[in-house]
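In: Structure of the sequence below:
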Amino acid sequence: METIAKLENFFSTLNFNIKNFNEAKKRLNVYLAKDFNVFVDYICPDENAISDMIADLLNPAGSHGQRSAFLKKFLEFINEKLPEKLFVEFDKCTVTREDRARHIGTTKRKIDITLDFGKIGIGIENKPWDRDQKNQVKDYAENLKKKYADKYIIIYLSGDGNPPSSKSIDEQTRKELEDKDKLLVFSYGDDLKNWLENCYKECKAEKMRWFLHDFIDYIETNFSGQGASMSDQEEKDLIAEYCMKEGNFKIAYNIYNSFEEIREKVIAGFLKDLETGLKGKLDNGWNIFQNITDNSNNICEKWGGFYIAKNIWEEKYCIGFQFDKNLESFYAGICKNQENLPSIKKIYETMENNYRPGKFDDTYDWYYYLEHPYDDWKNEEALTKMLSGEAVINFTEMILTIIKISERIIDKHIENLDK
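Out: Sure thing, here's the model as predicted:
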């Protein structure tokens, strides 16, 4: 009882301080709008939107009006990583989005951004969250080599700074390209952020400077490991100062040590409530299973997910929700449960036209990445919605909509397989 009393007093006083801080901030926001960020409040960019923005900033003819200033900063950044500098004519650069890999005999492969300087080419594959596709980077490198001979570079722009997976390019080929400085791995949190900061310093248009400021803030919050905007940092500083006072530190430290267990219980409770809710909406012909948590409510690692399937689908196909890595980069789609299964005809077009745009690969005939806050189950907003029950409502609606659109198509596909 003494521990509970101490916790209640700790949080009561802390909440009072935070409330006073937020009231003062509201009064200042009338003049400063410190919480506003166009990326968070309006854009919520996906991979394609980020690629569009990067391509436009690199384009000397882009709407930013800064001509080749941003492109020059990008080339300076590349040259810092090369033993021999690239010399190009900036004003002759052609920037292409989703450039088709025609030089290897396919139009299905499309590199996100290509910078064409005539005899020199730079390809940029943007991967903030997305999953690598089979031989993707290997094919892009081969296409650039055939187009530009030896005068090319492919930049793998990675959300977490990791190189392309062995699925996208085998380790031997990747190492050969890296040794020849043909493949460079850039991270969002360091490289992209540093380039944007240099663009901000170079930019002469105030409107663009505000855009770049918000872009940098978005990168810092989502990819730099800081997890907080400049405005959020002020509140964190207030909490830290309070917790460091005599008598408060031990309580704060014990809460910190318990947080992993608290989060696991919140997620486990959400998954249990979601399963119960779905069973009340679906008939007995459906199965629901998950491997995000185990029987002891411990969080599983990288490939955790939950799945919904009809009995007649015979464990061949399902509607899957899965993480790219531990509790981050959460995506949903129509999944094959076995290797070498044929793709479901028209499912990609149907989901894209009737639900939302997505992608496909060897495992998923259609998938898309969930938006904030459910893209990352480590963030406070997602966990709060799970705790309140709002997340159960959101996911139930999402799942039932996907089922409504896809069920008949998958049923018919299964019938044809059995003939």
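In: is it fair to say V95 lies in a strand?
Out: Yes: assessed by DSSP: H, G, I helix; E, B strand; the rest coil, V95 belongs to a strand.
In: can you pull the contacts of it?
Out: By Cβ atoms under 8 Å, 6 or more residues apart in numbering, the contact list for V95 reads 55, 58-59, 62, 113-116. Bear in mind the C-beta positions are built from the backbone N, C-alpha and C, glycine included.
In: ok, so of those residues, who is nearest D365?
Out: In terms of Cβ to Cβ, no member of the contacts of V95 lies closer to D365 than I113, at 26.5 Å.
In: which residue ranges form the strands in the stretch 251-400 of the chain?
Out: Ranges of strands within the stretch 251-400 of the chain are 286-290, 305-310, 317-325, 328-336, 364-369, based on DSSP state E, counting those that start in this stretch.
In: Could I get the buried residue list for the last one?
Out: Spelled out, it's strand 364-369. Neighbour counts over strand 364-369 (16 or more other Cβ atoms under 10 Å) mark 364-369 as buried.
In: Run the angle between that strand and strand 317-325 for me.
Out: Angle, strand 364-369 to strand 317-325, by axes from the mean of the first three to the mean of the last three Cα atoms, to 10 degrees: 50 degrees.
In: so how far is strand 364-369 from its chain's centroid?
Out: Centre-to-centre, strand 364-369 and its host chain are 14 Å apart (Cα atoms, centre = their mean, to the nearest Å).
In: surely G269 meets S388?
Out: No: contact criterion Cβ atoms under 8 Å: G269 and S388 do not qualify, at 11.2 Å.
In: okay, those two: which has more neighbours?
Out: The neighbour comparison of G269 against S388 (other Cβ atoms under 10 Å) goes to G269, with 16 against 11.
In: thinking again about what came up before, can I get the strands of the stretch 251-400 of the chain in CSV with distance to N126 and mean pLDDT?
Out: Below are those laid out as CSV (distance: least, Cβ to Cβ, whole Å; pLDDT from 0 to 100):
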stretch, distance to N126, mean pLDDT
strand 286-290, 30, 93
strand 305-310, 24, 94
strand 317-325, 15, 91
strand 328-336, 14, 92
strand 364-369, 13, 93
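In: now those as JSON lines including distance to I399?
Out: JSON lines is the format used below for the strands of the stretch 251-400 of the chain (distance: least, Cβ to Cβ, whole Å):
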{"stretch": "strand 286-290", "distance to I399": "9"}
{"stretch": "strand 305-310", "distance to I399": "6"}
{"stretch": "strand 317-325", "distance to I399": "7"}
{"stretch": "strand 328-336", "distance to I399": "8"}
{"stretch": "strand 364-369", "distance to I399": "14"}
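In: Out of those strands, which is closest to A141?
Out: Of the strands of the stretch 251-400 of the chain, nearest to A141 by Cβ to Cβ is strand 317-325, at 22.7 Å.
In: related to what we said a few turns ago, quick one: which of the contacts of V95 sit in helices?
Out: 55, 58 (DSSP state H).
In: from the contacts of V95, which single one is nearest E381?
Out: Distances from E381 to the contacts of V95, taken as Cβ to Cβ, are shortest for A55 (30.0 Å).
In: how about the helices in the protein?
Out: All helices of the chain, identified by DSSP H, fall at 2-32, 38, 47-58, 69-79, 136-148, 171-179, 193-202, 206-223, 230-243, 249-281, 347-354, 380-388, 390-418.
In: what packs against the fourth one?
Out: For helix 69-79, the helices and strands in contact under the criterion 3 or more Cβ pairs under 8 Å, 6 or more residues apart in numbering; DSSP states H and E are helix 47-58, helix 193-202.
In: what angle do that helix and helix 206-223 make?
Out: 40 degrees.
In: A332 is in contact with L370, correct?
Out: Yes: assessed by Cβ under 8 Å, L370 is found in contact with A332 at 6.4 Å.
In: between the buried residues of strand 364-369, which is nearest E235?
Out: Closest to E235, out of all of these and judged by Cβ to Cβ, is Y369, at 28.2 Å.
In: Identify the bridge partners of that closest one.
Out: Beta bridges link Y369 to Y331, judged by DSSP bridges.
In: Now for the closest residue to H103 other than its chain neighbours, how many residues are close by?
Out: Nearest residue to H103 in three dimensions, chain neighbours excluded: K146, at 4.0 Å (Cβ to Cβ, 6 or more residues apart in numbering). By other Cβ under 10 Å, 14 other residues sit near K146.
In: Any figure for the gap between K146 and F117?
Out: Separation of K146 from F117 (Cβ to Cβ, to the nearest Å): 17 Å.
In: cool, K245 as well?
Out: Separation of K245 from F117 (Cβ to Cβ): 59 Å.
In: Could you do E352 as well?
Out: Per Cβ to Cβ, E352 is found 34 Å from F117.
In: W366 now?
Out: W366 is 36 Å from F117, where distance means Cβ to Cβ.
In: Check E202 too.
Out: Distance from E202 to F117, counting by Cβ to Cβ: 20 Å.
In: F395 now?
Out: Remark: distance between F395 and F117 (Cβ to Cβ) = 47 Å.
In: The two: which is more packed in?
Out: For the pair F395 and F117, the greater number of neighbours falls to F395 (23 against 19), based on other Cβ under 10 Å.
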